[in-house]
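Colleague: no sequence on this one, just coordinates:
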C-alpha cells in the first residue's frame, strides 16, 4: 500500500480525481454517464498517440510528426474509401497502421542510420508528410458525404456498451503495458533511455531500439489518423494540426521524464485523461471559448509543476532513507 | 630534507628571478582537513607557496591533490584549517571569491567554452563594461591581443576555441589567468595531451611567469617534467601531508618513495595462483593517436594488471578490443582461434564481461529496478519469443544480488535508491551473472572506501581461483602490486614493460609508467 502511495502515478491520479470533483461543484452535469462517456471518446485519440509519443520520449527524443502522420493516413484511407467504396471499411484500420509503420520507419531510419536526433528528423518529416496530404488531395477536403457509412462508423460502433474506439484504445493500452513490462524489447527501450552508454555496454543495439520506437509511434498515429477522420467526418490538410503538442503535454503530465528512461504506460494514460477532463470541464463550466486555450495551458502548467515538486520531494525522502 | 628545509626557503632563490617581490610567502594553507560523507579526503595538510616559484604538488591518484586544489579555488570549503594569502586570512565561499583573490586555475577542458571566441573565453566572468554598462568589446579585444602576444600564441582573438589545439587552449587559459591578474596560477596536468614540443613551449611561458613573480602550482605525474620545471615540491599521500622541499637534491626514487611508501597496512588477499594455459592473446593493436603495437596475452585464472597514467591508452586498448571503439589494426585470438568482436554483443557471447571505470555513468541505469539492471545483458537470451522470463530473472537477481551483498529494500526498487557503493555492486553483479570467462575490471576500487576495497579484492582473488581470467586496469600501485600475477605497464600509448609479480616493485613500475625507464627514447618516438 505504501508503495502504491509513493508512486507518481498515484499523486497524478488523485489530482485527476480532485480536478473532477472541483468541476462537479461548478457543474452538476459533469459526472453524468453521458458526459463521462463523451470525455472518454474524445480522449481516445490522444491516449493512443500519446503512448507512441511516450516511447519516443523514453529514449530522450520527441516525435513531432505524429499529427502529420495522422493527417496522412486519414487522407489516404478517406480517398481509398471515396473512390473504392467496395473495399470493406474495417480494412482501413490495418491499411492506416501499415502506412503509419512506413512513415514511422522513415523517421526511425533517419534517426538510427542518419544519426539525426528524433526532433530534427521529425521536424523535417512533419512538413513532408503533411505536404503529401496536399499533394494527394490537391488541397480539397474529403467530407462525410464522400465516405461510406461503414467508414464513418469505424470509431463509433457500439460494442458491449462502449464504442469501438474505446475498445481499440483499451486494446492498445493493454498491448503497450505488456510490451513495456513483459518483453525484452520494452526493457531495452527503458535501458537505452535511462543510460545509453550502460545499455550499449550491456549489448543493447542502438539502431534496433530507435527503429522500434519510431516505427511504433508511427503505427499508433496511423491507426488514429483513420479513426480521427472517420469520427469528425472530414479529411483535409489541416487534420489534427498541432495535435503532436498535445501528445507531448499528455506525456509530461503523465510523469514521463524528458531526459528519457523514466515513465509508465499507466502514467501516460492518466496524463491523457487529465487533458481530456480539462478540455471537457472548460466547456461544461461555461468558460468562454476565447479563454479556453489559455486556461488549459495554465492548468497543465500548474499540474506539471506541482507534480514535479511532489516527485522531487519523494525522491529526496527515498534517498535519505537508503542504506549506506 | 623534508620538514627540515622549510625555514631555508628564502635563503635560496633560484634561477634568474627578479629582485623584490620574489620568494615571499604568498599562500599559506595550514592544517587543511576535508571530509566527504564517510570519507576523510584530507587531514592536516600544510601547503606553502612563494612568489616566483613553480611548486609541484605530487601524489598518487586519490592522494588528495585535486581536493586540495578545489579548496584553494573555492570549489570546496575545508572542514578545518586556514588559508592565508599574502599574510591575510581568507575564506572562499565560491570559485568567484578565489578568483577575485588572485587564484586562477587552468583546467584541461572543462572551463572553456568551445563555441565562443578567444576573447570571450578570456573575459568570461569578468567582462569589461563601457558606457551604459554595455560590454566593451573593443577594449577587451585589444587586451586579448596583447595577452595572446604575451603567451606567444599566434591566433586571432576572434577565432573560436573549438578550432584551437589542446596546447593552444592551454595558452588561452593562461592568458585568461593573466587577464585576471592572478598571482597564483594552478596548472593541473597541463601536459597530459601535449606533444614534446608543445610542452617545451608551455614551459617557456611558465618560466616567464615565474620571472614575473607569479606562483605556479604545477600538478603532473611525469617526473621528467617535474624535475625540469619545478623548484619546490609538496607530496601528499592518502589525504595526508608527507613532506616538502626543494626539487634540486631529490631523485625520482626519493620522490616515488615518498609517494608510495605507505606502511603496507592495506592487506591484499594471499593468492596461491597457478595460471593455466593461455586463453586470450591480443596481437598488434594500433590506433592512430591513441596507442601503437600493443600485444599481450592472458592465461586462465590469471590477474593481469594494466598500469599506466591517465592518457597512456590503457582503457582505449580495452575498448577497441571489445569493439566499443575502432582500431586501425590488430587481432584477438581466443583459445587459439581468431575472433571478430564488432560490439558488446559479440564480446558478451564470447564470454567477455567489462565493468567500466565510471560505473555510475556507464554501468547503472538509475531509473530501472535493481533486478532489471542485473539481468540487462541477458535480457534477450533469457526471453522466449521475446517475452521475458521473469522467474529466471528473479532467480539470477537473487543469486547474484545476494552474492554481492547488495543492501536493498527490494530487488524491484530503482537503482537510484541505492547508495553509490551498492550501485557499484549492482554493476559487478550484472556482469558476473553473465558467467564470463574473461572479466575486465577498469579501476575496480576507484572511489570506494578501504573496507569495501578489501572485499572487492578478496572477491577478485576468489574469481581468479575459480578459473576466471581477469584484466584489471588500475591507477593504484598498491592494488596493482597486491593483486596482479603480471603487470603490463603502458606509457604514452605503448607497452613500456611487462613485469612478473615477483620482479615488480613500486619504483620499477612507476619508472616505466612515467617514461623514466625508456627515458629520452620513449619521448623521441612521438
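Modeller: Good, I have the coordinates. Because the structure is predicted, anything quoted here is derived from the model rather than measured.

Colleague: break chain B into its domains for me.
Modeller: B:3-102+B:183-260, B:111-181, B:263-351+B:436-526, B:365-435 (automatic domain parsing).

Colleague: tell me the buried residues in the longest helix anywhere in chain A?
Modeller: Identified as the longest helix of chain A according to DSSP state H is helix A:289-321. Buried positions in helix A:289-321, judged by neighbour count with 16 or more other C-beta atoms under 10 Å in any protein chain shown: A:296, A:299-300, A:303-304, A:307, A:311. To be clear about C-beta, it is placed using only N, CA and C from the backbone, and glycine gets the same treatment.

Colleague: so what touches stretch B:132-143?
Modeller: B:119, B:122-123, B:127-130, B:157-158, B:179 (C-beta atoms under 8 Å, 6 or more residues apart in numbering or on different chains).

Colleague: does residue B:54 lie in a helix or a strand, and which?
Modeller: strand B:53-58 (DSSP states H and E).

Colleague: could you point out which element follows that strand?
Modeller: helix B:65-72.

Colleague: now that next one: how far from the chain's centre is it?
Modeller: 14 Å (C-alpha atoms, centre = their mean, to the nearest Å).

Colleague: contacting residues around that helix?
Modeller: By C-beta under 8 Å, 6+ apart, the surrounding residues in contact with helix B:65-72 are B:27, B:29, B:32, B:34, B:41-42, B:45, B:47, B:57-59, B:76-78, B:83, B:92, B:98, B:103, B:105, B:184, B:186, B:188, B:217, B:219, B:236, B:239.

Colleague: which among these count as buried?
Modeller: For those, a neighbour count by 16+ other C-beta under 10 Å gives the buried set as B:27, B:29, B:32, B:34, B:41-42, B:45, B:47, B:57-59, B:76, B:78, B:83, B:92, B:98, B:103, B:105, B:184, B:186, B:188, B:217, B:219, B:236, B:239.

Colleague: can you narrow the residues you listed to ones near chain A?
Modeller: By C-beta under 8 Å from any C-beta of the partner chain, no member of those lies near chain A.

Colleague: among the domains of chain B, which is nearest residue A:66?
Modeller: domain B:365-435 (24.0 Å; C-beta to C-beta).

Colleague: for stretch B:353-368, which residues meet the burial criterion?
Modeller: For stretch B:353-368, the neighbour count (16+ other C-beta under 10 Å) marks B:353-357, B:359-360, B:362-368 as buried.

Colleague: just the ones of these in helices?
Modeller: Those of those lying in helices (DSSP H): B:359-360, B:362.

Colleague: are stretch B:371-388 and chain A in contact anywhere?
Modeller: Yes - shown here: stretch B:371-388 in contact with chain A (C-beta under 8 Å from any C-beta) through B:372, B:376-377, B:379-380, B:382-383, B:386-388.

Colleague: max pairwise distance over those: which two?
Modeller: B:377 and B:387, at 18.0 Å, using C-beta to C-beta across these.

Colleague: low-confidence stretches in the stretch 1-150 of chain B?
Modeller: B:1-22, B:37-39, B:61, B:108-110 (pLDDT under 70).

Colleague: so where do the helices sit in it?
Modeller: B:65-72, B:95-100, B:118-123, B:137-150 (DSSP state H, counting those that start in this stretch).
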